[in-house]
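Colleague: I need the structure of the sequence given here:
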Amino acid sequence: MNQNHLIFGDYTAPDPDEDGYVPAFATTSTDNSGRTQRGNMINTPMFTVAAYNLKWTDLKASVASNIVKRVLGKSSFQFYYFDIITCTWKWGDFYVANIDPPFYRLNDGEERVSELSFQVTAINPL
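Modeller: Next up, the predicted model:
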């Protein structure tokens, strides 16, 4: 059986942790959406954006660096991922806002990151 992997631009990342690939969707509604005085919701969705929360633990610093270099500070990057909506692997344009990779080992030549986690957010809506 073939195995696909997450790809950031031209870099194939190691597989994330078992709980390290979590889809998240955010729907933006119009200003006039809200609850009536009786508590009923009146909602007019405008669009939904997909995001994926990614996590790797106990990574070599060089591996974490390879991932971070492809996403940090970019207005967008190409990301190859499994789309939960279409149940297919596909390419899309994404961006990253925040990355906090804590180190737990700084021995020369053996540097390791305890966890690398961040959210990739799609540029275009669903």
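
Colleague: Residue 22: what's it in contact with?
Modeller: 52-53 (CB atoms under 8 Å, 6 or more residues apart in numbering). C-betas here are computed from N, CA, C, even on glycine.

Colleague: Check the separation of the first and last residues in stretch 74-93.
Modeller: With CA to CA, to the nearest Å as the measure, the ends of stretch 74-93 fall 11 Å from one another.

Colleague: likewise stretch 92-110?
Modeller: Stretch 92-110: ends 34 Å apart by CA to CA.

Colleague: Contacts for that stretch next, please.
Modeller: In contact with stretch 92-110 (CB under 8 Å, 6+ apart) are residues 61, 64, 68, 71-72, 74-79, 81, 83, 111-124.

Colleague: Helices - which of those land there?
Modeller: 61, 64, 68, 71 (DSSP state H).

Colleague: any chance of those residues in CSV, with distance to residue 94 and pLDDT too?
Modeller: Converted to CSV, those look like this (distance: CB to CB, whole Å; pLDDT from 0 to 100):
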residue, distance to residue 94, pLDDT
61, 23, 92
64, 18, 94
68, 14, 96
71, 8, 97
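
Colleague: Now intersect the contacts of stretch 92-110 with the strands, please.
Modeller: 77-79, 81, 83, 112-122 (DSSP state E).

Colleague: was I right about residue 111 contacting residue 59?
Modeller: No: using CB atoms under 8 Å, residue 111 makes no contact with residue 59, being 9.9 Å away.

Colleague: ok, these two, which is more surrounded?
Modeller: residue 59 (20 against 16; other CB atoms under 10 Å).

Colleague: doesn't residue 14 make contact with that one?
Modeller: Yes: contact criterion CB under 8 Å: residue 59 and residue 14 qualify, at 7.5 Å.
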